[in-house]
Structure formats: structure tokens, C-alpha cells
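Peer 1: Quick one, fold the following:
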Amino acid sequence: MTTAAICLGTRASRLAVIQSTIVGNTPRARGERVEIVEITTSGDVRAPDTTWGEGAFVDALEVALRAGSIDAAVHSAKDMPIPGAADADLVVAAYPERADPRDVLVTSHGRGAWRSSRLARSSGRTRRGAPASSWPRTRISA
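Peer 2: Model (predicted):
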């Protein structure tokens, strides 16, 4: 008897596929077959100079879940919309173990050469000044 594969839906970005592969390794280790299903969301196809609404990177994943074409979806929690009454049929069932959350800066200019540079970063933690304590002459932009 052949067991159907667990279909994990994910965005087609390299990061999303890697995250889904890592999540899929748990059932694989128990002998389950896992298939990664790459799905394009409205956030993936929007014009770069437009804004998107909340949930733009999960909308198509939710549709696929409700349609039964995937068994579960793997997506970054930072992009998840705040649950509402319309989402009562979908749940966040698990969170994978978190990797080291620290940021890293890679530069080709050598150690310390950028200390009076401008650093652009979207992370609130960085904007609040985490690098500023070590490099006070660095300007941080959102």
C-alpha cells in the first residue's frame, strides 16, 4: 500500500523552499513522503513600486489549504496577517525551532572601514540602534 505524500505548500522563493524543506525533514525522518508545492502569491507578482495589503504573501497559500490541494503551508511568521474571524478554519499548528536570530554584516572594505558609513536596514531592532552602540558614527536608515 502506497501512502500519499504530505503536500507542503510554500512560496517559490529560495528562502521559502529551504524553510519548507527543513520543516519537511521531520516527517521524512519518520518515513513519511513529503512533497514541496511551490505557490505564487499576489505579493510575488505585484509591481515593485506598489504597496500590498496585509497577507499578500500568504493569500494563495490559504486558498490552496482551503481547496485541499496542499495539506499544510510553511511560511515566515513575520508576514502572517493577524488572525480574524474569516480565518477561523485555519490555524498556526506549529513553529519550527528558531535558528540564531542575530544579524550579521558582511563588508568587502575590511574591518572597521565602514564605521562612519550609512547602514540601511528594515529591522526595528537595528533601527533602534543595536549597531549604534558599537559604531556611533554610523547613520542607520529605514
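Peer 1: who's in contact with the spatially closest residue to residue 44 that is not a sequence neighbour?
Peer 2: Closest residue to residue 44 apart from its sequence neighbours, by Cβ to Cβ, 6 or more residues apart in numbering: residue 11 at 6.4 Å. (Each C-beta comes from the backbone N, C-alpha and C, glycine too.) Going by Cβ atoms under 8 Å, 6 or more residues apart in numbering, residue 11 touches 17, 38-41, 44, 57, 61, 75.
Peer 1: same question, residue 44
Peer 2: So residue 44 contacts 11-13, 57 (Cβ under 8 Å, 6+ apart).
Peer 1: Narrow the residues you listed to those that are buried.
Peer 2: Buried by 16 or more other Cβ atoms under 10 Å: 11, 57, out of those.
Peer 1: ok so, going back, got the contacts of residue 11 as TSV, with distance to residue 100 and secondary structure columns?
Peer 2: As requested, the contacts of residue 11 are exported to TSV (distance: Cβ to Cβ, whole Å; DSSP: H, G, I helix; E, B strand; the rest coil):
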residue	distance to residue 100	secondary structure
17	21	helix
38	27	strand
39	28	strand
40	30	coil
41	27	coil
44	27	helix
57	24	coil
61	26	helix
75	20	coil
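Peer 1: Buried ones from the residues you listed, can you make that a PyMOL selection?
Peer 2: To isolate the buried ones among the contacts of residue 11 in PyMOL, judged by 16+ other Cβ under 10 Å, type:
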select buried, resi 17+39+41+57+61+75
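Peer 1: Need the contacts of residue 11 in a markdown table (columns: pLDDT and distance to residue 94).
Peer 2: What follows is the contacts of residue 11, written out as a markdown table (pLDDT from 0 to 100; distance: Cβ to Cβ, whole Å):
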| residue | pLDDT | distance to residue 94 |
| --- | --- | --- |
| 17 | 94 | 18 |
| 38 | 96 | 20 |
| 39 | 94 | 19 |
| 40 | 89 | 24 |
| 41 | 84 | 21 |
| 44 | 77 | 24 |
| 57 | 78 | 19 |
| 61 | 91 | 15 |
| 75 | 87 | 12 |
